[in-house]
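>>> A predicted structure for the sequence below; I have some questions about it.
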Amino acid sequence: MTLTDSIRDMLDKLDRFRPDLEAAMDHNGGTHTFDDLTAMVLQGRLRLWSTEKSIALTEIIEYPRQKHYHVFAAGGDLDDMVATLPQIEQAARDAGCCKLTLSGRRGWVRAFAKHGWTEQFTTCVRSIEP
């Protein structure tokens, strides 16, 4: 596969799951749009994981004492997505990460609890005027 084919493949996958990713972005408080996600994938800032029924975008977050593999956005069929977790977890290990993290709606906690995930913290937000 050439670089052009690889880019075209990524764009096709992003476009196929655009409604799911836009729905995920509806919950982010306006920090990113679908176009932002596309740019971040093309820049290599987010890694794209997809199957026929689901998509996940991941990033590595480096803290002073830990490195986390973060699921930044995801959508599609939940069971299909769960099936990709072993590959994502292996990629996290290969990258030297000690934790997998995911930010999203509270429903993710229930969905992932049976797979060993726990809720670590909840984020509250309040908009302020500049």
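That came through, no problem.
>>> L11: neighbour count?
14 (other Cβ atoms under 10 Å). All C-beta spots, glycine's among them, are computed from the backbone N, C-alpha and C.
>>> so it touches D35, yeah?
No: taking contacts as Cβ atoms under 8 Å, L11 lies outside contact range of D35: 11.7 Å.
>>> in this protein, what helix or strand scores lowest on average pLDDT?
The weakest-scoring helix or strand in the chain, judged by mean pLDDT, DSSP states H and E, is helix 107-113 (a mean of 86).
>>> ranges for the strands of this structure?
Assigned by DSSP state E, the strands in the chain fall at 47-50, 54-62, 67-76, 99-102.
>>> extract the C-alpha set from the least confident helix or strand of the chain and format it as PDB.
Output in PDB follows, covering the C-alpha atoms of helix 107-113 (Å, rounded to 0.1, in the frame of the first residue of the first chain):
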ATOM      1  CA  GLY A 107     -22.200   5.100  29.800                       C
ATOM      2  CA  TRP A 108     -18.600   4.000  28.900                       C
ATOM      3  CA  VAL A 109     -18.000   3.200  32.600                       C
ATOM      4  CA  ARG A 110     -20.800   0.700  32.600                       C
ATOM      5  CA  ALA A 111     -19.900  -0.700  29.200                       C
ATOM      6  CA  PHE A 112     -16.300  -1.200  30.000                       C
ATOM      7  CA  ALA A 113     -16.500  -2.300  33.700                       C
END
